[in-house]
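[1] Return atomic coordinates for the entry below.
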Amino acid sequence: MEFTGPIGVRLWVSSSTANMDIFAAVRPIDPQGRDVTFMGNSDPNVPLGLGYLRVSHRAVDAAKSTEYSAFHPHLTSEPTTPGQLYPVDVEFSEPTSIVIPKGYRLALTIQGKDFGYGPGAHIVRAKDYDLPNSNNSGLFFAAHQNRAPTLYGGTDKVATGGEHASYLLLPRITAR
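    Reported below is the predicted structural model:
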C-alpha cells in the first residue's frame, strides 16, 4: 500500500489543566512486531512521521489549511477549560512517501512528551550510532524541564467514537 503526501491527525482532547502538549508518531511495524525506522535529517532512526501541537495554539487558518495539513498561525494563546473536550489538528512537519509491504501495520502513538523508542525497544534500525539524548527521536526535541506542572502536569485524555471521532488521515495512493 502506498502513502504519499501529508499526514493528518484529528483528536478530541481534554486536560485537567489549562494546557497540554501533544506529540504524535506514525510508525510502521514489521510482521515480527518490530518498529521500522528511517534515516532522517536529524537522526538515523526516525519513525515515518512526527507531529506536535501545544493545545493552546490549536487555532487553524482555514484559508491556508487542507484536509490533511492544518496551518496553525500561532498568533494567540487560547487556554483550555479543564475537563472540556476540544477538537485539535496535529501538524506533522514533513509529508511522507512510502510503500508499506503486505503484512506490515501502522501504529499511531500519542503522548504528552517527545516520542522516543526508549531502552530495549524492539526496532529495526536504519543505522546504529550513539546520539546525545538517544531516548528522543532526533537531535531536536522539546525542552521539558521548563514546563510548569500546573499547566502541563495534569491528566490528559483523548476521546474517540461517535461525535468525538479521533482519527489518522493518510494520503493513500490507489492504482490508476
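[2] Helix or strand: which one has the residue most central in space within the chain?
    With distances taken as CA atoms, centre = their mean, residue 24 lies nearest the centre of the chain, 1.6 Å away. Secondary-structure element containing residue 24, defined by DSSP states H and E: strand 21-29.
[3] C-terminal to that strand, what's the next element?
    Scanning the chain past strand 21-29 towards its C-terminal end, the next helix or strand to appear is strand 35-36 (assignment: DSSP H and E).
[4] contacts for that following strand?
    Residues from elsewhere that reach strand 35-36, judged by CB atoms under 8 Å, 6 or more residues apart in numbering: 27-30, 47, 104, 107, 117, 121-124. Every residue, glycine included, has its C-beta placed from N, CA and C.
[5] can you give me the strands in this protein?
    Counting by DSSP state E, the chain forms strands over residues 2-5, 8-15, 21-29, 35-36, 49-54, 86-92, 96-99, 105-111, 123-124, 156-159, 167-169, 172-173, given from the N-terminal end onward.
[6] quick check, distance from the lowest-mean-pLDDT helix or strand in the chain to the centre of its chain.
    Across the helices and strands of the chain, the lowest-confidence element by mean pLDDT, DSSP states H and E is strand 123-124, at a mean of 72. Relative to the chain's own centre, strand 123-124 is displaced by 19 Å; criterion: CA atoms, centre = their mean, to the nearest Å.
[7] So which other helices or strands are in contact with that strand?
    Using 3 or more CB pairs under 8 Å, 6 or more residues apart in numbering; DSSP states H and E as the contact criterion, the elements in contact with strand 123-124 are strand 35-36.
[8] Low-confidence bits of this protein, can you list those?
    Across the chain, the stretches falling below the confidence threshold (pLDDT under 70) are 42-43, 125-146, 176.
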